[in-house]
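J.: would you be able to build a 3D model of this:
(one chain, ligands or ions: 2)
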Amino acid sequence: MTLSPDSTASLISPQIQNVLNQSTPLQLGIMASGNGSNFEAVAQAIKDGQLNAQIQVLIYNNPDAYAAVRASNWNIPAVLLNHRDYSSRQEFDRQIVQTLRQYNVDWVIMAGWMRLVTEVLIDAFTNKIINIHPSLLPSFKGSRAVEQALASGVKIAGCTVHLVSLEMDSGPILMQAAVPVLQGDTPETLHARIQVQEHRILPQAIALAAKQAL
Ligand SMILES: Nc1nc2c(c(=O)[nH]1)N[C@@H](CN(C=O)c1ccc(C(=O)N[C@@H](CCC(=O)O)C(=O)O)cc1)CN2
Ligand SMILES: NCC(=O)N[C@@H]1O[C@H](COP(=O)([O-])[O-])[C@@H](O)[C@H]1O
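T.: Ligands and ions are numbered 1, 2, ... in the order given. Here you go, the predicted structure:
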């Protein structure tokens, strides 16, 4: 008697499937536009056994992004997709989707990706796109969050990891971490304090999202 894949699947209890899923490493595609310290934090968390995943590819959109140097140091493929070479955001995102599929990515991590993405990418990886943002959302959305927090006079700042939806910085929040804003802080000193927390919670939030998706 031969068993078809569907019949085999039905033989596996949800509990067993759960364990199998949890034991299968997540296949991450990381998108970055700049320095790449969050990319590095995820790679280090995987190496330290804190996150059961593998980074399939880094996609970056600025030719001089240091994230690409970090990827080569970790022997991780890095693909430059420069948004300036595409006639529309949708066409750009179609190329991103093709590249992510080419590298068998199942979870997309935006780690300092500074381009708004369209339904083309969001619908291709429904509820499987995670972004890290340097503020306690919903406060200070956008590309200048740290400067806006400092200018507003808040005494507590921080970072947020959330699932990505079409509306900018508005998807379901996975994790947040707070930091004090200190006398004399500049955007650089405050951002550096926030990044320490980013590097700590991003790997944890990826694991949490995967668990919640089971
Ligand atoms: N559809 C979505 N796309 C993206 C989201 C999101 O939540 N939904 N998050 C961002 C990340 N991000 C904030 O965390 C962010 C990045 C960039 C911008 C922005 O205004 N970008 C400008 C260009 C700015 C630049 O090139 O420096 C733009 O795209 O025109 C806002 C928020 C990732 N994408
Ligand atoms: N609006 C998106 C945004 O501002 N993202 C922020 O860009 C930085 C990238 O750092 P990294 O390149 O060192 O990981 C991070 O602080 C991230 O929160």
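J.: okay, and the beta partners of residue 60?
T.: When bridges are called by DSSP bridges, residue 60 pairs up with residue 32, residue 80.
J.: can I assume it is in contact with residue 35?
T.: No. Here residue 60 does not reach residue 35: they are 10.7 Å apart, not a contact under C-beta atoms under 8 Å. Glycine gets a C-beta too; all of them are placed from N, C-alpha and C.
J.: so the two - more neighbours on which side?
T.: Each of residue 60 and residue 35 had its neighbours counted (other C-beta atoms under 10 Å), and the higher figure belongs to residue 60 (25 against 16).
J.: quick one, helices of this structure?
T.: Taking DSSP state H as the criterion, the chain contains helices spanning 5-11, 14-23, 37-47, 66-73, 89-102, 119-124, 145-152, 187-213.
J.: coming back round to it: now for residue 60 and residue 35: what residues contact both?
T.: Overlap between the neighbourhoods of residue 60 and residue 35 consists of residue 67, taking contacts as C-beta atoms under 8 Å, 6 or more residues apart in numbering.
J.: residue 199 contacts residue 38, doesn't it?
T.: Yes. With contact defined as C-beta under 8 Å, residue 199 counts as touching residue 38 (6.5 Å).
J.: please report the distance of the residue in the chain positioned nearest to ligand 2 from residue 202.
T.: Of all residues in the chain, residue 112 sits closest to ligand 2, at 2.6 Å by C-beta to the nearest ligand atom. Here residue 112 is placed at a distance of 11 Å from residue 202 (C-beta to C-beta, to the nearest Å).
J.: who touches both of the two?
T.: Counting by C-beta under 8 Å, 6+ apart, the shared contacts of residue 112 and residue 202 are 38, 132.
J.: pLDDT weak spots in this structure?
T.: 1-12, 14-22 (pLDDT under 70).
J.: how about the contacts made by the residue of the chain closest to ligand 2?
T.: Contact analysis of residue 112 by C-beta under 8 Å, 6+ apart lists 32-39, 67, 132.
J.: out of those residues, which is most surrounded?
T.: Neighbour counts for these peak at residue 39, which has 30 neighbours (criterion: other C-beta under 10 Å).
J.: which residues does that residue contact?
T.: Residue 39 is in contact with 30, 32, 55, 58, 67, 70-71, 111-112, counting by C-beta under 8 Å, 6+ apart.
J.: and of the residues you listed, the nearest to ligand 1?
T.: Checking the contacts of residue 39 one by one against ligand 1 (C-beta to the nearest ligand atom), the nearest turns out to be residue 112, at 8.2 Å.
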